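S.K.: 3D, please:
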Amino acid sequence: MTDQKKQMEFKVDLTPHFDDVFKYIGSYNRHFTISFFILSLVYTSAGLDATAVIFLLPNIVHWCRVEELDNHCVEIGLNEYDCQQMKSKYRHHDDNSTTINEEYCNQYNFTAYDFASNSSFKNTPTLYCQNGFEYDNSLYQTSVTEEFDLVCENTYLISLSLSLEYAGLLIGSLIIGNIGDRYGRKPTTVVSMLLWSIFCVGTMAAQSYWMYTLFRLLSAICATGGYITAFVYGCELVSPSKRSLAGSFLNFQWAIGYTLASLFAYMIQHWRYRLLAMLVIQALISVLICM
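M.R.: Here you go, the predicted structure:
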């Protein structure tokens with residue numbers, strides 16, 4: 001009985017572990033270190049994508065598009081700036097609104113109003129915006145909020161899109177991590193990045209709110225799977241004594257992605273072109289990982 005226990009202990013002691021490789025190659029290996037830095041770029045891309053949604057779905061000042069006011073600008077020969085100044089005097093403001101997206105959802109009914117009379121219009125009946133909206137483009141030339149009119153009664157669609165995107169993060173973390181354990185970290189990371197890029201193209205080409213939301217959901221699934229797998233893969237490339245530092249460095253790369261998102265939003269005013277810049281970064285990272 002004693003001999004059997006000794007044999008079992010001896011067999012357990014000989015069980016190989018992945019970390020045993022560092023006993024032979026040392027805590028520093030040039031190839032592993034370069035691979036780790038390349039993988040860390042996945043976190044930069046993930047931070048960029050996670051923050052980009054703030055600039056894709058911003059709260060934008062908007063007003064009702066009133067045909068009577070547009071016609072009046074033409075009649076009296078106002079330029080674009082003076083026309084906007086004139087319109088601001090005739091806009092209806094909801095004092096009970098709680099967000100920017102709900103402030104200007106109604107307009108005065110100017111159908112029978114005589115602008116030449118200069119009479120008070122405050123008692124003029126109001127109605128919901130009849131001809132769509134105009135937007136303040138001083139910060140963003142285009143955005144998802146503006147393109148799909150996610151204001152007033154459609155404001156809830158912004159929260160819905162964000163909720164579905166976070167649901168995608170949950171789904172990806174539950175599924176793709178297990179796929180990485182089964183089929184390998186590197187192929188899972190590469191495939192996740194490639195699919196992430198493809199869905200980014202779909203988002204960029206979206207012609208409706210629901211198409212945009214669907215592709216953002218799919219992108220979130222691949223994104224979270226990609227950076228979770230990359231985190232584990234990256235930490236396995238460094239010795240156990242350096243893994244706390246490696247994890248901190250990966251989070252630092254995420255912060256760099258956050259910063260880049262703000263820079264992209266400042267430099268690229270069109271939301272589709274902004275996604276195109278993100279797509280280029282993701283594609284380059286995928287190529288580097290494959291090398």
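S.K.: Now Ile232: closest residue in space, sequence neighbours ignored.
M.R.: If you look again at residue 232, you'll see it is Val, not Ile. Leaving out its chain neighbours, the residue that sits closest to Val232 by Cβ to Cβ, 6 or more residues apart in numbering is Arg185, at 6.2 Å. Just so you know, the C-beta spots here come from the backbone N, C-alpha and C atoms, and that holds for glycine as well.
S.K.: can you check Gly47 too?
M.R.: Gly257 is the one closest to Gly47 (Cβ to Cβ, 6+ apart), at 2.4 Å.
S.K.: name the element that neighbour belongs to?
M.R.: With elements taken from DSSP states H and E, the one containing Gly257 is helix 243-267.
S.K.: Just after that helix, pick out the following helix or strand.
M.R.: Assigned by DSSP H and E, the successor of helix 243-267 is helix 271-290.
S.K.: List of residues touching that following helix?
M.R.: Contacts with helix 271-290, where a contact means Cβ atoms under 8 Å, 6 or more residues apart in numbering, come from 38-39, 41-42, 44-45, 48-49, 52, 55-56, 140, 142-144, 147, 186, 189-190, 193-194, 196-197, 200-201, 203-204, 264-265, 268.
S.K.: Let's see which of the residues you listed end up in helices.
M.R.: If you go by DSSP state H, the contacts of helix 271-290 have 38-39, 41-42, 44-45, 48-49, 52, 55-56, 144, 147, 186, 189-190, 193-194, 196-197, 200-201, 203-204, 264-265 in helices.
S.K.: Show the buried residues in the residues you listed.
M.R.: 38-39, 41-42, 44-45, 48-49, 52, 55-56, 144, 147, 186, 189-190, 193-194, 196-197, 200, 203-204, 264-265 (16 or more other Cβ atoms under 10 Å).
S.K.: Test my guess that the residue nearest to Gly47 contacts Ser40.
M.R.: No. Taking contacts as Cβ atoms under 8 Å, Gly257 lies outside contact range of Ser40: 10.6 Å.
S.K.: For the helix holding Gly257, list every residue counted as buried.
M.R.: 246, 249-250, 253-254, 257, 260-261, 264-265.
S.K.: I'd like to know which elements whichever strand or helix holds Leu214 is packed against.
M.R.: Element membership for Leu214 (DSSP H and E) is helix 209-236. Contacts defined by 3 or more Cβ pairs under 8 Å, 6 or more residues apart in numbering; DSSP states H and E place helix 209-236 against helix 30-56, helix 156-183, helix 185-204, helix 243-267.
S.K.: Of those, which is nearest Gln107?
M.R.: helix 156-183 (21.3 Å; Cβ to Cβ).
S.K.: average pLDDT across the closest one?
M.R.: What helix 156-183 shows for mean pLDDT is 89.
S.K.: packing partners for it?
M.R.: helix 185-204, helix 209-236.
S.K.: try it again with 6 Å
M.R.: Where contact means 3 or more Cβ pairs under 6 Å, 6 or more residues apart in numbering; DSSP states H and E, helix 156-183 is packed against helix 209-236.
S.K.: Can you mark which positions in the helix it packs on are buried?
M.R.: For helix 209-236, by 16+ other Cβ under 10 Å, it's 209, 212-231, 233-236.
S.K.: same thing with stretch 52-72?
M.R.: In stretch 52-72, counting by 16+ other Cβ under 10 Å, buried: 52-53, 55-58, 60, 62-66, 68-69, 72.
S.K.: hmm, who's touching that stretch?
M.R.: 87, 90-91, 100-101, 104, 107, 110, 115, 129, 131-136, 143-146, 151, 158, 261, 265, 271 (Cβ atoms under 6 Å, 6 or more residues apart in numbering).
S.K.: Look at that stretch and report the distance between its end residues.
M.R.: Its start and end residues considered, stretch 52-72 measures 39 Å (Cα to Cα, to the nearest Å).
S.K.: next structured bit after the helix or strand encompassing Trp63?
M.R.: Using DSSP H and E, the element containing Trp63 is strand 62-64. Following strand 62-64 in sequence order, the next helix or strand is helix 67-75 (DSSP H and E).
S.K.: Following element in sequence after that following helix, please.
M.R.: helix 80-89.
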